[in-house]
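Colleague: Dropping a prediction and its sequence here:
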Amino acid sequence: MRYAAMFLLTMTLGCGAGSGPKNVTVQLDRVPSAMLDRAKQELPDVKFDTAWRLPNGNYELRGKNKRGKIREVEFNPTGEVVEIE
């Protein structure tokens with residue numbers, strides 16, 4: 001009986017964890033071209049290789065510069081730059 005109660009508790013806690021909104025990977029050719037062009041304008045030495053659509057609707061583009069440092073540009077849904085890292 002004790003093991004059954006522990007199993008039930010574990011399953012209840014485990015199933016609920018991580019069920020919130022998540023980033024969705026987007027292929028670069030699916031990112032609005034204006035955003036990709038603006039990202040290249042903001043960080044010209046970066047080769048962008050990954051994009052996500054965030055739970056709040058923003059897009060985040062990530063790439064590496066010539067020295068291997070990871071850089072990111074985040075856009076809101078209207079295409080304005082929100083953050084550059």
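Modeller: Here it is on my side, so go on.
Colleague: Could you find the closest non-adjacent residue to Leu43?
Modeller: Residue nearest to Leu43 in three dimensions, not counting chain neighbours: Arg71, with 5.3 Å by Cβ to Cβ, 6 or more residues apart in numbering. Heads up, the C-betas are built off the backbone N, CA and C, glycines and all.
Colleague: Which strand residues bridge the one you found?
Modeller: Under DSSP bridges, the beta-bridge partners of Arg71 are Gly63.
Colleague: any idea how far Lys22 is from it?
Modeller: 22 Å (Cβ to Cβ, to the nearest Å).
Colleague: ok, now which ones touch Asn23?
Modeller: Applying Cβ atoms under 8 Å, 6 or more residues apart in numbering, one finds that Asn23 lies in contact with 52-55, 60.
Colleague: Where strands are concerned, which of those count?
Modeller: Residues of the contacts of Asn23 located in strands (DSSP state E): 52-53, 60.
Colleague: Which one of the residues you listed is nearest to Lys40?
Modeller: Nearest to Lys40 among the ones in strands among the contacts of Asn23: Glu60, at 14.9 Å, using Cβ to Cβ.
Colleague: Which residues does the spatially closest residue to Val24 that is not a sequence neighbour form beta bridges with?
Modeller: Leaving aside its sequence neighbours, Val24 sits nearest to Arg53 (Cβ to Cβ, 6+ apart; 4.7 Å). Note on Arg53: beta-bridge partners by DSSP bridges are Val24, Tyr59.
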